[in-house]
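Visitor: 3D model of this:
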Amino acid sequence: MKQMLYLLHPVLWVLPMVVLMLTEKETLKCSSNHNCTCYKREDSGILFADCSNLKLQSAPLFNDEVTGIILTHNNISEFPVSLPQNIRYLDISRNVIETVNETSLSNYKALHNISLSANRLKSIELGSFLNSRYLTHLDVSNNQELTLEVLVNISHDISYSTSIRVLNLESVQCTYGVSFIIWKYHISDLKNTQLEQLNLASNRINSLELGVLSTLPKSLKHLNLANNVLSFGFYIIEFGSLHSLITMNVSFQSKFHQLKYKDFFNVCNDSRTRQIGNYGSSHSIVTDSNKTKISLVSSTVRLYIPPSLEIFYFHDNMYKMTLEKFAFSSKGPPKITHLYFQNNIIYQLNGPISGANSVRYMDLSNNFCNFISDYFFDDLKNLSYLDLSQNVLGKVLEDDNSGNTFRNLVNLTTLNLRSNRIFRLPPAIFRNLNQLETLVISDNSLSDFSVPIGNMQRLKRLDLSNNQLLFLDEKTRNAIDSLSRKKILHVNVTGNRLACICEQMEFLKWMAKSKNVKFMQFDDYLCTFRNSFKANFSGIDNLVQVMEKHCASYIVTIVILTSLIFITLTTIFGRILYRYRWKLRYMYYVAREKYRDNVENLDGTTGSSFHFDAFVSYAEKDRRFVIKLVKQLEKEHNLKLCIHHRDFIPGTGIAENITNAIHNSRRTVTIMTSHFLDSYWCMFELNMARMEAIYSRNGENILILVVLEKLAIANLPFSFIDLIESNSYQEFPENGDDSEESAFRLKLAATLKSREGDFRTSSSNGAA
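Guide: Just a heads-up that it's a prediction; the model follows:
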């Protein structure tokens with residue numbers, strides 16, 4: 001079951017003899033097996049014998065000068081007892097040894113490093129390492145049937161060593177089985193050692209007895225508890241007692257282990273009783289009768305961490321949680337600089353996290369996180385690297401219009417927001433990130449990137465790849481040019497929907513001519529024409545030339561078409577205006593009159609429907625005739641007539657006076673002469689009267705033509721011919737006597753007084 005994970009210091013877990021064997025300087029004969037390779041280190045003069053991968057059943061004989069022996073990847077089943085007594089480095093990993101007894105190493109008192117990793121060990125007897133007083137590195141990892149009960153015997157033996165520094169017990173339990181609890185008796189003898197590194201990864205450890213962590217040696221610098229099934233418990237508060245701890249790894253908790261078919265029928269038995277050993281009644285298991293007192297005095301969760309802790313690994317766990325308000329506490333100022341929280345299920349970052357001023361690096365990627373509070377990063381002002389990639393933060397970032405999420409990260413140099421389902425970023429989101437050097441927003445759904453970046457004077461890398469961008473707007477381009485004046489700025493926009501269209505010609509030219517802007521993977525860029533043809537940017541200069549020619553003809557075409565469309569629309573609009581000019585003018589003046597009437601009605605002023613029986617329209621040169629006729633009609637027939645020189649309101653426009661007079665008169669009488677037809681305002685009055693009849697009187701004929709000159713009828717515009725055909729005119733008797741003129745006035749007065757408007761007078765009747 002080897003699940004080698006985040007080792008705290010990987011180089012230190014590997015035996016130094018493996019490093020020593022890599023540099024072969026001189027080939028010597030040092031073993032009874034001629035296939036073994038012998039070499040001496042020039043820097044130390046130590047003679048090594050490498051007999052790995054020789055399918056040996058037992059160890060060969062070696063010269064006494066040999067102090068380093070490598071027997072890995074063989075079939076040795078018994079621990080060799082005939083090795084040189086002064087041996088210092090022994091790597092016998094990946095063999096089939098099952099037992100180490102108390103006499104196996106009794107002759108090797110000078111042993112410093114030994115690796116028994118990946119054998120078939122089931123037991124290590126008490127006293128096996130008792131005489132190894134100089135032992136510094138002990139590796140018994142990847143022996144799944146050895147069990148952690150072996151800790152009792154090993155810790156007892158190495159308690160007599162002042163040299164032990166590294167103890168590796170990774171994967172000494174079967175992959176599948178009942179969870180394991182570490183009790184104080186397992187490690188009580190380690191307390192007085194100078195152990196610096198302890199690896200207990202991949203052992204199905206579920207919990208630690210309260211007091212275990214405080215019993216570990218104060219010299220411990222690196223603790224690996226990764227790939228176990230740790231549950232939360234009071235033992236967590238004891239981590240702060242490990243005063244020298246620098247790195248702590250509790251990653252891969254409750255990790256699912258894929259069962260391979262070839263391992264399905266392998267029998268792994270790690271059931272054991274307590275191996276306390278036979279070292280007399282003088283040895284007793286110490287228990288702490290004074291239980292640790294815990295008091296909850298506030299709502300803040302306080303995590304006590306070792307004062308020297310610098311790196312904390314808490315990634316790839318199956319814990320579902322939110323990071324609520326909590327604080328790091330330690331004796332003295334905190335030294336923690338790196339927090340690895342990636343690949344968990346931390347779906348909300350509420351915070352704030354206090355006591356974390358020293359943190360420089362924080363990885364919160366791939367956590368299914370969909371919320372960050374405005375104050376989560378309030379106490380992380382010295383953070384320089386922040387990875388929030390592969391979360392679901394698009395919505396919360398889109399809504400942060402004030403830029404509060406990152407407002408306190410004034411020392412941030414790297415921000416990764418890759419793959420967060422971001423569709424839009426508000427302008428203020430990065431307002432305080434003045435020290436930013438790397439900004440990654442790739443693998444999102446941005447269709448526009450118009451976020452101000454001019455404040456990021458140290459920016460060296462901008463990754464916008466795999467979004468939905470068609471181009472970068474002019475402000476963004478200018479900002480990038482400004483930032484790249486004194487340094488190279490790497491920009492990545494590959495995998496976007498860049499468009500080869502005339503509207504974005506300036507963007508393409510900018511990409512071709514930018515000197516200090518280095519576009520990453522530039523030859524892989526593609527842009528799409530309107531006909532869906534895709535062009536590669538490897539020959540962007542030629543592409544720009546082709547685009548310029550295409551867009552030049554395109555612009556001419558656009559100008560011509562636009563001009564034609566404008567002329568056509570102007571012509572159509574002009575014709576419509578001309579055709580309905582009288583209607584529009586009439587409606588305008590009527591609307592003004594109605595508005596004025598409404599205002600007067602609000603003041604309590606009301607009137608009858610019509611103020612006049614008729615409005616008389618005439619040319620100025622016919623004024624004498626009209627005044628005489630009007631006086632006679634008003635005197636003889638009691639009519640109230642409107643004529644412009646007497647009844648128009650001073651200070652009001654002519655057109656408005658005319659429309660008001662027509663609108664407030666029951667009939668309109670026009671005195672048809674050649675002078676009338678030549679007058680603009682007379683024709684205006686004639687047309688307004690027609691509009692009044694059509695749109696305000698429901699088609700009632702209110703227009704009466706009085707013909708003074710027969711030639712005027714012949715010259716009447718074609719649009720008024722219907723008035724002649726409908727006999728809506730009356731001829732004034734030429735050279736008639738007083739009786740004829742009196743009959744004419746009587747007929748005209750009767751027509752003006754008629755409320756039906758169904759008058760038809762023929763020329764013969766008018767002459768009668």
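Visitor: next, name the residue at the spatial heart of the protein.
Guide: With distances taken as Cα atoms, centre = their mean, the residue of the chain nearest its centroid is residue 422 (2.4 Å).
Visitor: what pLDDT does that one get?
Guide: If you check residue 422, the pLDDT there is 96.
Visitor: again, but for residue 273
Guide: The per-residue pLDDT of residue 273 was computed as 55.
Visitor: need the longest strand for the chain.
Guide: The strand that spans the most residues within the chain, counting by DSSP state E, is strand 665-672.
Visitor: buried set for the helix or strand following that strand?
Guide: Taking DSSP states H and E as the definition, the helix or strand that follows strand 665-672 towards the C-terminus is helix 674-678. Residues 675, 676, 677 are the ones in helix 674-678 that count as buried (16 or more other Cβ atoms under 10 Å). Any C-beta I mention is one placed from the backbone N, CA and C, and that applies to glycine too.
Visitor: what is the mean pLDDT for helix 674-678?
Guide: Confidence over helix 674-678 (mean pLDDT, whole number) is 88.
Visitor: could you do stretch 133-153 as well?
Guide: Taken as a whole, stretch 133-153 has a mean pLDDT of 94.
Visitor: over to stretch 196-207?
Guide: The model assigns stretch 196-207 a mean pLDDT of 94.
Visitor: any buried residues in that stretch, and which?
Guide: In stretch 196-207, residues buried by neighbour count (16+ other Cβ under 10 Å) are 196, 197, 198, 199, 200, 201, 202, 203, 204, 205, 206, 207.
Visitor: what's the last one sitting at in phi/psi?
Guide: Read that as residue 207. Reported as degrees, to the nearest 10, the phi and psi values for residue 207 are phi -160, psi 170.
Visitor: so it sits right up against residue 232, yeah?
Guide: No: between residue 207 and residue 232 there is no contact, the gap being 9.0 Å when judged by Cβ atoms under 8 Å.
Visitor: how about the residue nearest to the centre of the chain, secondary structure?
Guide: Applying DSSP: H, G, I helix; E, B strand; the rest coil to residue 422 yields a three-state assignment of coil.
Visitor: how close does it get to residue 343?
Guide: With the distance defined as Cβ to Cβ, to the nearest Å, residue 422 ends up 20 Å from residue 343.
Visitor: which helix runs longest in the protein?
Guide: helix 540-579 (DSSP state H).
Visitor: re the thing from before, residues contacting the residue nearest to the centre of the chain?
Guide: Applying Cβ atoms under 8 Å, 6 or more residues apart in numbering to residue 422 gives the contacts 393, 394, 397, 398, 441, 444, 445, 446.
Visitor: columns pLDDT, secondary structure and neighbour count on top of these, output as CSV?
Guide: Listed next are the contacts of residue 422 as CSV, based on pLDDT from 0 to 100; DSSP: H, G, I helix; E, B strand; the rest coil; neighbours: other Cβ atoms under 10 Å:
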residue, pLDDT, secondary structure, neighbour count
393, 96, coil, 24
394, 94, helix, 20
397, 95, helix, 23
398, 95, helix, 15
441, 97, coil, 24
444, 96, coil, 23
445, 95, coil, 13
446, 95, coil, 20
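Visitor: of those residues, closest to residue 539?
Guide: residue 446 (27.3 Å; Cβ to Cβ).
Visitor: the closest residue to residue 634 other than its chain neighbours bridge partners, please.
Guide: In space, not counting the residues next to it along the chain, residue 634 is nearest to residue 641; the distance is 6.0 Å by Cβ to Cβ, 6 or more residues apart in numbering. When assigned by DSSP bridges, residue 641 has beta-bridge partners residue 614.
Visitor: where does the stretch 551-700 of the chain dip in pLDDT?
Guide: Low-confidence segments of the stretch 551-700 of the chain, defined by pLDDT under 70: 553-557, 578-583, 585-608.
Visitor: let me fix that, I meant to ask about the stretch 251-400 of the chain.
Guide: Confidence mapping of the stretch 251-400 of the chain against pLDDT under 70 gives the ranges 256-300.
Visitor: can we see that at 90?
Guide: Judged against pLDDT under 90, the low-scoring parts of the stretch 251-400 of the chain cover residues 254-305, 318-321, 324-334, 351, 353-356.
Visitor: now do the strands in it.
Guide: Remark: strands assigned in the stretch 251-400 of the chain by DSSP state E, counting those that start in this stretch are 301-304, 311-313, 320-323, 326-329, 338-340, 345-349, 353-354, 361-363, 385-387.
Visitor: tell me which of those lies nearest to residue 701.
Guide: Each of the strands of the stretch 251-400 of the chain has some distance to residue 701 by Cβ to Cβ; the shortest is strand 345-349, at 81.5 Å.
Visitor: can you tell me what sits against the closest one?
Guide: 318-323, 364, 367-373, 376.
Visitor: nearest to residue 43, of those residues?
Guide: Distance ranking of the contacts of strand 345-349 against residue 43, using Cβ to Cβ, places residue 364 first at 43.9 Å.
Visitor: which non-adjacent residue is nearest the closest one?
Guide: residue 341 (5.1 Å).
Visitor: so residue 75 touches residue 55, yeah?
Guide: Yes: using Cβ under 8 Å, residue 75 makes contact with residue 55 at a distance of 5.9 Å.
Visitor: name the residue in those two with the higher neighbour count.
Guide: Looking at residue 75 and residue 55 with other Cβ atoms under 10 Å, you find the greater number of neighbours at residue 75, namely 12 against 9.
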